[in-house]
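any chance you could fold what I've pasted below:
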Amino acid sequence: MISSPRRWAAVLLLAVAAASVALTLRDISSALRPAVLLAFFCLVPGAAIVGSLRMRSPMAELALTLGLSLALSTLAGELMLWLRAWDPTWAVVLLASLSAPTLVLQAVRRGDRAMGAP
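Below is the predicted model of the structure:
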């Protein structure tokens with residue numbers, strides 16, 4: 001059973017990642033697609049890393065998640081340009097597939113205390 005906010009966040013971000021991949025691979029034109037992809041690129045890659053840190057401050061965790069997500073998304077775009085292999089579809093698939101395993105671990109992890117908490 002999912003009880004903690006961190007677990008709910010991990011499950012929600014897994015859903016965003018899955019929706020992003022589905023919308024992108026099927027090339028579905030929807031008013032929801034830009035919002036889902038924006039949420040994906042701004043939250044999912046960073047949350048996969050930052051969520052494992054189990055920080056005490058939710059605001060610091062959110063800020064670090066946002067910054068790291070944007071940095072990783074930018075790095076993926078720059079790498080595709082450098083390799084002359086520009087394909088945003090595969091950027092979504094790659095970032096989602098790299099983020100999903102750690103988000104799954106966050107969703108099923110027991111004990112949700114922050115590092116150093118009594």
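
per-residue pLDDT, Thr89?
Thr89 carries a pLDDT value of 92.

quick one: residues contacting it.
Contacts for Thr89 (C-beta atoms under 8 Å, 6 or more residues apart in numbering) come out as Thr24, Leu25. All C-beta atoms are positioned from the backbone trio N, CA, C, and that covers glycine.

can you tell me how far it is from Ala71?
Here Thr89 is placed at a distance of 21 Å from Ala71 (C-beta to C-beta, to the nearest Å).

same check, this time on Val11
24 Å.

do the same with Ala17
For Ala17 relative to Ala71 (C-beta to C-beta), the value is 18 Å.

the more surrounded of the two?
The neighbour count for Ala17 versus Ala71, taken as other C-beta atoms under 10 Å, is higher for Ala17 (26 against 12).

does that one touch Phe40 like I think?
Yes: Ala17 is within contact range of Phe40, at 6.2 Å (criterion: C-beta atoms under 8 Å).

now the common contact residues for those two.
The contact lists of Ala17 and Phe40 share Ala96, where a contact means C-beta under 8 Å, 6+ apart.

what ranges does this structure have for its helices?
Assigned by DSSP state H, the helices in the chain fall at 5-25, 33-50, 58-82, 88-108.

point out the most buried one among the ones you listed.
helix 33-50 (a mean of 20; mean count of other C-beta atoms under 10 Å).

quick one: average confidence on that one?
On average, helix 33-50 scores 95.

what's the separation between Glu61 and Ala9?
10 Å.

now for the two: what residues contact both?
Any residue near both Glu61 and Ala9 by C-beta under 8 Å, 6+ apart counts here, and that gives Gly51.

need the pLDDT of the closest residue to Leu14 other than its chain neighbours.
Nearest residue to Leu14 in three dimensions, chain neighbours excluded: Leu103, at 5.0 Å (C-beta to C-beta, 6 or more residues apart in numbering). Leu103 is assigned a pLDDT of 94 by the prediction.
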